[in-house]
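Enquirer: 3D model of this:
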Amino acid sequence: MISHAAGAQADVEIRRLNVDDLDLFRDIRAEALQMHPQTFGSPEEDEGGEPMMAAYRRWLDGMILGAFRCGSLMGVAGFYVSPDRRSQHRGNIFTVYVREEGRGKGVGDRLIKELLAHAEARVE
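Expert: Residues are numbered from 1 along each chain as shown. This next block holds a predicted model:
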């Protein structure tokens, strides 16, 4: 018997986002900021406009994964290594958000597992 979560995971594609996905990323970040302002937000987002978009472009040059179902972005999760030489052995997971329709279906779990697989080769 296949669980609802396992069946839902099968039709979800996880892939790395890039600057071509800027509009999709902006939209899901706007939703995350609106729904959970205490959890999300950056100084660039507080400023809005071009500083915010420049920050998003920089983030998308790094490692941000997106979970897609039927071409629709339903979740994101990012990973980075600090540029500080003393902490380059540690990775950081950030901007994890799954839209309501993807929650409870293993989407967030898959995003985190993919990030951890990526991080394994880069940090301790």
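Enquirer: next one: the helix or strand containing D46 to chain centre, how far?
Expert: Element membership of D46 [criterion: DSSP states H and E] is helix 43-47. Put simply, helix 43-47 sits 18 Å off its chain's centre (CA atoms, centre = their mean, to the nearest Å).
Enquirer: show residues contacting the next helix-or-strand element following it.
Expert: Sequence order places helix 49-61 as the next helix or strand after helix 43-47, per DSSP H and E. The contact list for helix 49-61 (CB atoms under 8 Å, 6 or more residues apart in numbering) reads 17-19, 21-22, 25-26, 29, 42, 44-45, 78, 95. All C-beta spots, glycine's among them, are computed from the backbone N, C-alpha and C.
Enquirer: pLDDT, neighbour count and distance to Q88 for the residues you listed - can I get that in a markdown table?
Expert: As requested, the contacts of helix 49-61 are exported to a markdown table (pLDDT from 0 to 100; neighbours: other CB atoms under 10 Å; distance: CB to CB, whole Å):
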| residue | pLDDT | neighbour count | distance to Q88 |
| --- | --- | --- | --- |
| L17 | 97 | 22 | 23 |
| N18 | 95 | 13 | 24 |
| V19 | 93 | 12 | 25 |
| D21 | 95 | 19 | 27 |
| L22 | 94 | 15 | 27 |
| F25 | 94 | 22 | 26 |
| R26 | 93 | 13 | 29 |
| R29 | 92 | 21 | 26 |
| S42 | 80 | 16 | 22 |
| E44 | 79 | 17 | 23 |
| E45 | 75 | 15 | 26 |
| G78 | 94 | 21 | 17 |
| T95 | 91 | 18 | 20 |
